[in-house]
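Enquirer: the sequence isn't on hand, but the structure is:
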């Protein structure tokens, strides 16, 4: 299947409402802050989107910035983090080497085929002792053992997942970043429904993990249509967030 990518400029105005809104953003921000090293003074939030998470990365003494490659998203984020948002590709940040204490990337690495390049660029801009904090295994988190998941199970694969934890950890190690801790948080409002999953299958939204052809999609959609409570959300996923520290003494 060919993956269908969102037009993030067009989605900016309605993005928050379709992604769990404030409860999900608050849970994500709280989780990131749990992993921010003591004494960190600057944090760059990559792919900050509308800034809903970014503005909640609030801690005394911590200056927070955002970066996003979508002009529409960056404009929305600027409303929430005035003067703290830059339009930038996460692979080519407009920052000097060793210039920030923390780089966060929530729900980013699973979206792109160049996760390694993002990890490498984060390592470049981090000061010694600084932390890269990223979500990993996002697709796997959405398998919560529900009836919907039992239908999809035989067609799931995480072999291609760009944010697979072992891959991220290996790339981080090659860039001088060592595992330092992890936490989890609830993806509020992200529980699947049979009807929504069927619609997303037809649109090709699950190309990162779905192994099946067009005929398979049709058969799965028919099976999903037979499940009860077509619009009742199943359990919310629990996302995994990990941190990696840049080797070397902190300045």
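Expert: Cool, the structure landed. Note that this is a predicted model, so its numbers are computed, not measured.
Enquirer: tell me the phi and psi of the residue lying closest to residue 184 once chain neighbours are set aside?
Expert: Excluding its sequence neighbours, the residue lying closest to residue 184 (Cβ to Cβ, 6 or more residues apart in numbering) is residue 238, at 5.0 Å. C-beta here means a position set from N, CA and C on the backbone, and glycine is covered the same way. Main-chain dihedrals, residue 238, degrees, to the nearest 10: phi -110, psi 110.
Enquirer: how about the one 5 residues further on?
Expert: Dihedral pair for residue 243: phi -120, psi 150, per degrees, to the nearest 10.
Enquirer: surely it and residue 182 touch.
Expert: Yes - between residue 243 and residue 182 a contact is recorded at 6.9 Å, counting by Cβ atoms under 8 Å.
Enquirer: okay, and the common contacts of these two?
Expert: residue 35 (Cβ atoms under 8 Å, 6 or more residues apart in numbering).
Enquirer: give me the more crowded residue out of these two.
Expert: Remark: of residue 243 and residue 182, residue 243 carries more neighbours, 23 against 15, as counted by other Cβ atoms under 10 Å.
Enquirer: quick check: bridge partners of the more buried one?
Expert: Under DSSP bridges, the beta-bridge partners of residue 243 are residue 133, residue 181.
Enquirer: who touches it in this structure?
Expert: Counted by Cβ under 8 Å, 6+ apart, residue 243 has contacts 35, 131-133, 179-182.
Enquirer: and these, which of them are buried?
Expert: Burial by neighbour count, 16 or more other Cβ atoms under 10 Å: within the contacts of residue 243 this picks out 35, 131-133.
Enquirer: including distance to residue 219, could those residues go into JSON lines?
Expert: Shown next, in JSON lines, are the buried ones among the contacts of residue 243 (distance: Cβ to Cβ, whole Å):
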{"residue": "35", "distance to residue 219": "42"}
{"residue": "131", "distance to residue 219": "45"}
{"residue": "132", "distance to residue 219": "41"}
{"residue": "133", "distance to residue 219": "40"}
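Enquirer: nearest to residue 162, of those residues?
Expert: For those, the residue nearest residue 162 by Cβ to Cβ is residue 132; the value is 15.3 Å.
Enquirer: three-state assignment of the residue nearest the centre of the chain?
Expert: Nearest residue to the geometric centre of the chain (Cα atoms, centre = their mean): residue 107, 0.5 Å. Classification of residue 107 by DSSP: H, G, I helix; E, B strand; the rest coil places it in coil.
Enquirer: distance-wise, check it relative to residue 147.
Expert: Residue 107 is 25 Å from residue 147, where distance means Cβ to Cβ, to the nearest Å.
Enquirer: again, but for residue 63
Expert: Counting by Cβ to Cβ, the separation of residue 63 from residue 147 is 46 Å.
Enquirer: which residues of the stretch 151-251 of the chain fall in strands?
Expert: Using DSSP state E, counting those that start in this stretch, the strands assigned to the stretch 151-251 of the chain run over residues 177-186, 238-246.
Enquirer: looking at those, which is closest to residue 163?
Expert: strand 238-246 (9.5 Å).
Enquirer: now what about stretch 61-74, what contacts it?
Expert: 8-13, 15, 36, 40-51, 54-55, 57-58, 77, 81, 84-90, 93, 100.
Enquirer: in the protein, where is pLDDT below threshold?
Expert: 1-20, 250-251 (pLDDT under 70).
Enquirer: tell me where the longest helix sits in it.
Expert: In the chain, with assignment by DSSP state H, the single longest helix is helix 21-35.
Enquirer: can you tell me how far the residue of the chain most remote from its centre is from residue 154?
Expert: Centroid-distance maximum for the chain: residue 226 at 31.5 Å, with Cα atoms, centre = their mean. Distance, residue 226 to residue 154, by Cβ to Cβ: 16 Å.
Enquirer: kind regards, and thank you for your time.
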